[in-house]
Every structure is written in structure tokens, then in C-alpha cells.
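Trainee: Using only what follows, build the 3D model:
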Amino acid sequence: MRRITELDAIRGLAAMAVMIYHLKPQAFALHGVRVDLFLVLSGYLLSSIILKKGGGARFLFTFSIRRWLRIWPIYFIVLIFLILVNPYLGKPFPMDGLPYYMTFTQNVTRYWSDSTPAFNWYFEHTWSLAIEEQFFLFWPLLVVLVGRWPLVPISVALVILSVVMRSLGFHWWLLLARCDGFAFGALLAVIFINREQVERHREKIQLGFSLTSLFAVGFALATTTATLGMDFSEMSLLPSLMVLSWNLLYFGLIGLVILNTGHPSLRILRDARLGYLGKVSYGIYLFHSFVFIVLWSAARYLKLGEPLWLDGVKIGLTIALASISWHWIEQPIANLKDRFRYGTPHPSNQPLNAPQLHGARA
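Mentor: You can find the predicted model right below:
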């Protein structure tokens, strides 16, 4: 059983990339496709857990409880905080969207309208967490019912569905228009769930992921360059393909990392500091927008302008707040997952030499 420590580092780098994008969106554009790296990782890690443990008794109940213990506590702590401080703001935010944020459905109205119910826009970035919660509401049951290999055509169909939905103009913050990242992650889970088979075909798999990554680099460069300056409020074919190209690139690169875990060339991804960023990445994701706006307001009041050192303070304070959240809130609550252990799956469902998975929010 091998621990894929490199995935913790990738999650940490993804969190930093999202934070830096929101810090300087004009300088680091790419239209927000950094979040898709999180989606591919979640699709792989959680689908692997389902494939490994899905045959056990009460699996769906256990999977849900363990995931809720990881995701819900600080999400709702932040939500409650926003509700409590809202009346004391200089210009309080409307609370129309609160029921949607409480149920992780904050963007579903975009299926039939051009807007979402008004709410605190500092929390708007949680759209990606919402679609993740929506996806893993039905995905575990589907995987348990169909098993390993039917996931291949199902995942391919989801990729096509996402591209088509975005091309038709559906907002790319909707699950049906953004599930290609999860689908690519699920394909990785199908490939790597049986490590013995992977080792037998290592050279072919290595070549496949290498060629995929090389093609995706060219594809991503071409589509990203072509969409620079475009208005993404309305999706069309070209922006839709741009999102697909980055998901394909993440699929190839993560596949190479998983295949070569432990290799000297990946030593940097086993750095403890990057691994720690991966550990606190959820807090970085949730808190960074609040830290940014508070320090921006303070700098404006003090007439400091926007100096480079202030950006460093924003990043440092965000990581510090995420660390406090991890050690004092998230980790103690996550330890409760030990009371909800997965049952032993039927021997026919147990993969051979499957890697130990870390970083999954389940």
C-alpha cells in the first residue's frame, strides 16, 4: 500500500494558484481554469475510494458522513459568521440567496435564468464546492451500481455533455457544464485501481499519458490564446474547448504523477512544505477572499495604495488563518471519521495492490 504524497503537494499548488489568480486576475488570467485541477483530483481520489470500498456494508452512509465531517463544519461556520456580521456592515448584503448557499445550490438558478439570488459576494467563490457536493451526491451510488469498467463510457459521456452544455451557452459554474474535470478524475481511478495491472502495462500507460500531456499542452496554448479578452459571461464553443483542454492537461499530468509516485524526478512534490499547503488547502480556498477584502479596505483607509509587500501579507495571513482552522477546527472534527470506518468489501471487489489515497475530502 503506497501513499501518494505528491497529490498533497499538487492540491497545495492548486490552492495557491487559485489564491494568486484572485489576487491579480488581470496578470494571471487563464479564465479561472485552475479550479479544474481540484475537480480532477477530487474525481480521482473519491472515485478510487468508491471503487475500493463500495462493496462494503453501509458504504453510502459511511461515505456521506465522512465527507460531511470534512466539508461542512468550517463551511457553515463561515456562513454563520457572514450572517452575524452582515447587519453591522456599512452596506449590508441581501440575504435572498441564503437558502441556496445552505444547500450547496447557489448556482442552480442559472439553469433557467441569467442570475443567482443575491448574497454576500465574498462567498461567491464557493460555486466550485457546490458543484462538487452536487456531483458526489449521486456519483457514489452510480459507481456502486455499475462497477469499474462501465465508468469509462459514462465518464466520456460526461465530458461530451459538459462541452456541449457550455457550447450552448450554459454557465460554466453549473454542474452539467463543468463535470468534465470529475469525469477525467474518474477515468484515472479506473486506470489505477488495480496497481498490479498497471505495473504489467507500465510502459504503454507511461507513453499514453506522455502523449496526452504533450497534445494537451498545444491544445491548451491554442485555445487559451484564442480566448484571451473574450467575455465568458456567455459560453460558446471556443471557450468550452479551452476548459476541456486544461482538464485534459491535468488528466495527463496527474496520471504521470500517480504512475511515477516515489520517483526521484518528483522529489519536489514530496516536499513537506508543499504537502502542508495541501493539508490546509481547504481553508486557503474558503478564507482567502475575506482576507483580501479586509486588507484591501485597510490599505485604502490608510492610503497605502497597492504595494507588492501587501500582496505578500495577504498570502501569508491567508495561510496562517487556514493553518489555525486546520489545527483547531478541521483536524479535530475530521478525527471523528475514525468512528465511521468503511466495511470490508467483497473479495471480488477488492483491487490488488491499490495505492493508499491521501488528500481526498471523504
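Trainee: C-alpha from now on. contacts and neighbour counts both.
Mentor: Fine.
Trainee: And residue 213, how far from residue 150?
Mentor: For residue 213, the distance to residue 150 (Cα to Cα, to the nearest Å) stands at 24 Å.
Trainee: Of those two, which one has the most company?
Mentor: Neighbours were counted for residue 213 and for residue 150 using other Cα atoms under 10 Å; residue 213 has more, 23 against 12.
Trainee: and the strand or helix carrying the more buried one, which residues are buried?
Mentor: Using DSSP states H and E, the element containing residue 213 is helix 202-227. By neighbour count with 16 or more other Cα atoms under 10 Å, helix 202-227 contains the buried residues 205-206, 209-210, 212-213, 216-217, 219-220, 223-224, 227.
Trainee: Against residue 52, how distant is residue 261?
Mentor: When residue 261 is compared with residue 52 (using Cα to Cα), they lie 19 Å apart.
Trainee: same check, this time on residue 20
Mentor: Residue 20 is 35 Å from residue 52, by Cα to Cα.
Trainee: neighbour-wise, which of the two wins?
Mentor: Set residue 20 next to residue 52 and count neighbours by other Cα under 10 Å: residue 52 wins out with 23 against 17.
Trainee: Wait, a helix at the more buried one?
Mentor: Yes. Counting by DSSP: H, G, I helix; E, B strand; the rest coil, one finds residue 52 located in a helix.
Trainee: was I right about it contacting residue 193?
Mentor: Yes. Judged on Cα atoms under 8 Å, residue 52 makes contact with residue 193 at a distance of 7.5 Å.
Trainee: And the pLDDT for residue 11?
Mentor: We note a pLDDT of 93 for residue 11 in this prediction.
Trainee: Secondary structure class of the residue nearest the centre of the chain, three-state.
Mentor: The geometric centre of the chain, computed from its C-alpha atoms, lies nearest to residue 38 (Cα atoms, centre = their mean), at 2.6 Å. Following three-state DSSP, we place residue 38 in the helix state.
Trainee: so what's it up against?
Mentor: 11, 14 (Cα atoms under 8 Å, 6 or more residues apart in numbering).
Trainee: let's see 10 Å
Mentor: In this structure, residue 38 makes contact with 10-12, 14-15, 18, 44, 128-129, 132, 181-182, 185, 250, judged by Cα atoms under 10 Å, 6 or more residues apart in numbering.
Trainee: Mind checking which of those residues land in helices?
Mentor: Taking DSSP state H, the ones among the contacts of residue 38 that sit in helices are 10-12, 14-15, 18, 44, 128-129, 132, 181-182, 185, 250.
Trainee: could you dump those to a markdown table with distance to residue 302?
Mentor: Formatted as a markdown table, those follow (distance: Cα to Cα, whole Å):
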| residue | distance to residue 302 |
| --- | --- |
| 10 | 37 |
| 11 | 35 |
| 12 | 32 |
| 14 | 32 |
| 15 | 29 |
| 18 | 27 |
| 44 | 46 |
| 128 | 34 |
| 129 | 35 |
| 132 | 39 |
| 181 | 43 |
| 182 | 44 |
| 185 | 46 |
| 250 | 42 |
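Trainee: buried stuff in stretch 323-338?
Mentor: The neighbour-count check on stretch 323-338 (16+ other Cα under 10 Å) flags 323, 325-326, 330, 334, 337 as buried.
Trainee: no wait, stretch 310-327
Mentor: Result for stretch 310-327 [16+ other Cα under 10 Å]: buried residues 310-311, 314-315, 317-319, 321-323, 325-326.
Trainee: Show residues contacting that stretch.
Mentor: So stretch 310-327 is contacted by 16, 19-20, 23-24, 74, 276-277, 279-296, 299, 304, 328-334 (Cα under 10 Å, 6+ apart).
Trainee: can you rerun that using 7 Å?
Mentor: 280, 283-284, 287-288, 291-292, 295 (Cα atoms under 7 Å, 6 or more residues apart in numbering).
Trainee: Could you export these as JSON lines, including distance to residue 172?
Mentor: As requested, those are exported to JSON lines (distance: Cα to Cα, whole Å):
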{"residue": "280", "distance to residue 172": "26"}
{"residue": "283", "distance to residue 172": "24"}
{"residue": "284", "distance to residue 172": "23"}
{"residue": "287", "distance to residue 172": "23"}
{"residue": "288", "distance to residue 172": "22"}
{"residue": "291", "distance to residue 172": "26"}
{"residue": "292", "distance to residue 172": "25"}
{"residue": "295", "distance to residue 172": "30"}
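Trainee: now, the most widely separated pair of the residues you listed?
Mentor: Distance extremes for the contacts of stretch 310-327: the farthest pair is 280 and 295 at 20.9 Å, using Cα to Cα.
Trainee: out of those two, which sits in the busier spot?
Mentor: Per other Cα under 10 Å, whichever of residue 280 and residue 295 has more neighbours is residue 280, with 25 against 16.
Trainee: And the pLDDT for the more buried one?
Mentor: pLDDT for residue 280: 96.
Trainee: re earlier: gap between the residue nearest to the centre of the chain and residue 218?
Mentor: To residue 218, residue 38 is 22 Å away according to Cα to Cα.
Trainee: likewise residue 40?
Mentor: Counting by Cα to Cα, the gap from residue 40 to residue 218 is 20 Å.
Trainee: and if you look at residue 158?
Mentor: Using Cα to Cα, residue 158 is found at 23 Å from residue 218.
Trainee: How about the secondary structure of residue 191?
Mentor: Assigned by three-state DSSP, the conformation of residue 191 is helix.
Trainee: For the closest residue to it other than its chain neighbours, grab the count of nearby residues.
Mentor: For residue 191, ignoring the flanking residues on the chain, the nearest one in space by Cα to Cα, 6 or more residues apart in numbering is residue 198 at 7.4 Å. Using other Cα under 10 Å, the number of residues around residue 198 comes to 17.
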